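Colleague: Sequence and predicted structure below; questions after.
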Amino acid sequence: MSLNVIFVRHGESVWHGENRYAGATDIDLTDHGRDQAAALADWAAQAGLTAVWSSPMLRCRQTAAGSAAAAGLPLHLDPRLRELDFGVAEGLTRAEMRERMPEAVASFEADPVAGHFPEGEDPAAVVERYAAFLADLRAEHDTGAQGDGKQAGGKESDGRILVVAHSTAIRLTLCRLLGLPLRDYRRRFPYLANCALNELVLSDGTPSLLTLNRPVTPGVPA
């Protein structure tokens, strides 16, 4: 049995234009971000999804709600999917950080895991909570797929789950799943586009990356 997990970064937020660090700060989507969420929902209506999960943060809930509705599925929230807390860097641009705390920025740029921002969350802890979420997801999928080989509702045992979450947390998780050093997450995955598809297949515990930053085409299932 295989389980496909599609990680999607939320739509554009109000801090996106200035590239302000938004981790634990609960901010809104822009109008463009809502348009991106609507395009994702159009895609989700035909994507064969079996579940939709989201970070409880506002920008993710606003992004995921339409997709869940379009797919005829409930929206599940899990606090383990929240973004990394950037501590003293929250709400700041990189230029503002360099002016206020140049040593912290230098440490972060050298190793964003060991040198994470003061008062912020350890990125390794983020990876652990995402890993726990995925383990529970897989266990639930395997349990539901037993018996006659189908999940509740008669769907085939191979699941396809949309998970709407956050850029840094997703990139860290991709490194963990693909066996890459966590400290390299910014180099290996320098950018995740808003509402693009990042799909993994988890088969017998072995993950494979199927798509990265694939744009959604409304009305065309990926």
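Modeller: That came through fine. Numbering: from 1, shown residues only.
Colleague: This protein: strands as residue ranges?
Modeller: For the chain, strands defined by DSSP state E occupy the ranges 2-9, 51-54, 75-77, 159-165, 197-203, 206-214.
Colleague: mind checking how far the first one is from the chain centre?
Modeller: Centre-to-centre, strand 2-9 and its host chain are 9 Å apart (C-alpha atoms, centre = their mean, to the nearest Å).
Colleague: same question for it, mean pLDDT?
Modeller: The average pLDDT within strand 2-9 is 95.
Colleague: on that earlier part again, which one of the strands of the chain is the most hemmed in?
Modeller: Mean neighbour counts were compared across these using mean count of other C-beta atoms under 10 Å; the top stretch is strand 159-165, at a mean of 26. C-beta coordinates here come from the backbone N, C-alpha and C atoms, glycine included.
Colleague: partners of that one in the sheet?
Modeller: Strand 159-165 has its sheet partners listed here by DSSP bridges as strand 2-9 (parallel), strand 51-54 (parallel).
Colleague: ok, residues contacting the helix ranked longest in the chain?
Modeller: Longest helix in the chain, counting residues (DSSP state H): helix 123-144. Contact with helix 123-144 is made by 1, 3, 5, 53, 78, 80-81, 84, 112-113, 116, 151-152, 157, 159, 161, 168-169, 172-173, 175-177, 182, 185, 202, as judged by C-beta atoms under 8 Å, 6 or more residues apart in numbering.
Colleague: Out of these, which end up buried?
Modeller: Listed as buried from these are 3, 5, 53, 78, 80-81, 84, 112-113, 116, 151, 157, 159, 161, 168-169, 172-173, 175-177, 182, 185, 202; burial here means 16 or more other C-beta atoms under 10 Å.
Colleague: thought Ala65 was touching His76?
Modeller: No - counting by C-beta atoms under 8 Å, Ala65 stays clear of His76, with 11.5 Å between them.
Colleague: Tell me which residue is most central in the chain.
Modeller: Central residue of the chain (C-alpha atoms, centre = their mean): Ala165, 3.1 Å from the mean position.
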